[in-house]
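In: Okay, sequence plus prediction incoming.
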Amino acid sequence: MARPGMERWRDRLALVTGASGGIGAAVARALVQQGLKVVGCARTVGNIEELAAECKSAGYPGTLIPYRCDLSNEEDILSMFSAIRSQHSGVDICINNAGLARPDTLLSGSTSGWKDMFNAGWLPSLSFSLVTINWDEHTSIINIWGHSSNVPWGQVNVLALSICTREAYQSMKERNVDDGHIININSMSGHRVLPLSVTHFYSATKYAVTALTEGLRQELREAQTHIRATCISPGVVETQFAFKLHDKDPEKAAATYEQMKCLKPEDVAEAVIYVLSTPAHIQIGDIQMRPTEQVT
């Protein structure tokens, strides 16, 4: 059922980065349910293809279009926007969801880890003692384990987000789209710094997203456009991260999320729908949302 205020978006195109799981997948599904064409991109698209088939089978009025894009590669991003331009006219909504976290501290973190968080990539092999961390939008706990493993953790915090934002705006401008929307899925870590050293650089990248969104809003006003910019900053969200990490111990993975009633990806997707459904004269600058039981 179409939500009030979402009718104007029907058949228009939204780009969702990091759409292969978690929040990105929930957002993509919610938009397809509202009748949008959604380009869902990620480095691997198998899960997006499955979600697209599910949406089609469910009879949702919109369409999910999987697109493979390595957000660490600007040429990949530009190629994606070019393909969207040639095949679907252009982007009306850009949802920058993909994100990366590395446990690199300020005093001893690796330069490569810092670059990964500013650019994009994979969470590489780690060799740390076991620690437990209260985290934010991707998982309530991260166990940094004492053996090597390659775990895909999303992509992009600052630079790729900025590239996608720039290209989305140019796509709107060249088609005289004056009512588009750019939404950055941020984090509560973009609003407070936890006393936990392995999150400090990550938090800095999320503070950057907070500043980038407000700067974007100001530049859009200077351009005398009605395109809107919004941050959505969730706290602890239950995703599949722990189940990928503890793939041989599902009970341990499930216990990760039993400390509190966490947010669900669908809760964040609902916030996206709310933001998009507001009247054109209303701009939501930031939504900060936590589980009721979350302390920080």
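Out: Thanks, I have it.

In: What ranges in the protein fall below the confidence cut-off?
Out: Residues of the chain meeting the criterion pLDDT under 70: 100-106, 108-109, 114-156, 240-247, 252-253, 256.

In: Give me the most central residue, it.
Out: Relative to the mean C-alpha position of the chain, the nearest C-alpha, by Cα atoms, centre = their mean, is the one of residue 97, at 1.3 Å.

In: you'd agree that one is up against residue 23?
Out: Yes. Assessed by Cβ atoms under 8 Å, residue 97 is found in contact with residue 23 at 5.7 Å. The C-beta positions use only the backbone N, C-alpha and C, and glycine is treated the same way.

In: Are there residues contacting both of those two? Which ones?
Out: By Cβ atoms under 8 Å, 6 or more residues apart in numbering, residue 97 and residue 23 have these common neighbours: residue 185.

In: that older thread, quick one: contacts for the residue nearest to the centre of the chain?
Out: Contact analysis of residue 97 by Cβ under 8 Å, 6+ apart lists 16, 17, 18, 19, 23, 24, 27, 185.

In: What separation is there between it and residue 187?
Out: Using Cβ to Cβ, to the nearest Å, one obtains 11 Å as the distance from residue 97 to residue 187.

In: now do residue 161
Out: For residue 161 relative to residue 187 (Cβ to Cβ), the value is 12 Å.

In: what about the helices in this structure?
Out: 22-33, 46-57, 74-88, 111-118, 159-174, 200-222, 241-245, 250-256, 265-277 (DSSP state H).

In: Which one of these lies nearest to residue 6?
Out: helix 265-277 (5.0 Å; Cβ to Cβ).

In: name the helices or strands packed onto that closest one?
Out: For helix 265-277, the packing partners by 3 or more Cβ pairs under 8 Å, 6 or more residues apart in numbering; DSSP states H and E come out as helix 22-33, strand 181-185, strand 228-234, strand 286-289.

In: between that helix and helix 22-33, what angle do the directions make?
Out: Angle of helix 265-277 versus helix 22-33, following axes from the mean of the first three to the mean of the last three Cα atoms, to 10 degrees, is 50 degrees.

In: May I have helix 265-277 exported as CSV, CA atoms only?
Out: This file holds the C-alpha atoms of helix 265-277, laid out as CSV (Å, rounded to 0.1, in the frame of the first residue of the first chain):
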residue,chain,number,x,y,z
PRO,A,265,17.0,-2.7,9.4
GLU,A,266,13.3,-2.2,8.6
ASP,A,267,13.2,0.5,11.3
VAL,A,268,15.8,2.5,9.4
ALA,A,269,14.0,1.9,6.1
GLU,A,270,10.8,3.2,7.7
ALA,A,271,12.7,6.4,8.6
VAL,A,272,13.8,6.7,5.0
ILE,A,273,10.2,6.4,3.8
TYR,A,274,9.1,9.0,6.4
VAL,A,275,11.8,11.5,5.2
LEU,A,276,10.8,11.0,1.5
SER,A,277,7.1,11.3,2.3
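
In: surely residue 10 meets residue 37?
Out: No. Using Cβ under 8 Å, residue 10 makes no contact with residue 37, being 9.5 Å away.

In: what's the closest residue to residue 9 other than its chain neighbours in contact with, if anything?
Out: Take residue 9 and drop its neighbours on the chain: the residue closest to it by Cβ to Cβ, 6 or more residues apart in numbering is residue 36, 5.6 Å away. By Cβ under 8 Å, 6+ apart, residue 36 lies in contact with 9, 10, 11, 12, 13, 14, 62, 93.

In: Can you flag which of the residues you listed belong to strands?
Out: Within the contacts of residue 36, residues falling in strands by DSSP state E are 13, 14, 93.

In: ranking those residues by neighbours, who comes first?
Out: Using other Cβ atoms under 10 Å as the neighbour criterion, residue 14 leads the ones in strands among the contacts of residue 36 with 27 neighbours.

In: and that residue, what is it in contact with?
Out: With Cβ under 8 Å, 6+ apart, residue 14 has these contacts: 31, 36, 37, 38, 39, 91, 92, 93, 94, 95.

In: sorry, back to before: how near is the residue nearest to the centre of the chain to residue 36?
Out: 15 Å.

In: Residue 168 too?
Out: 15 Å.

In: just to revisit the earlier point, shared neighbours of residue 161 and residue 187, which are they?
Out: Common neighbours of residue 161 and residue 187, counting by Cβ under 8 Å, 6+ apart, are residue 209.
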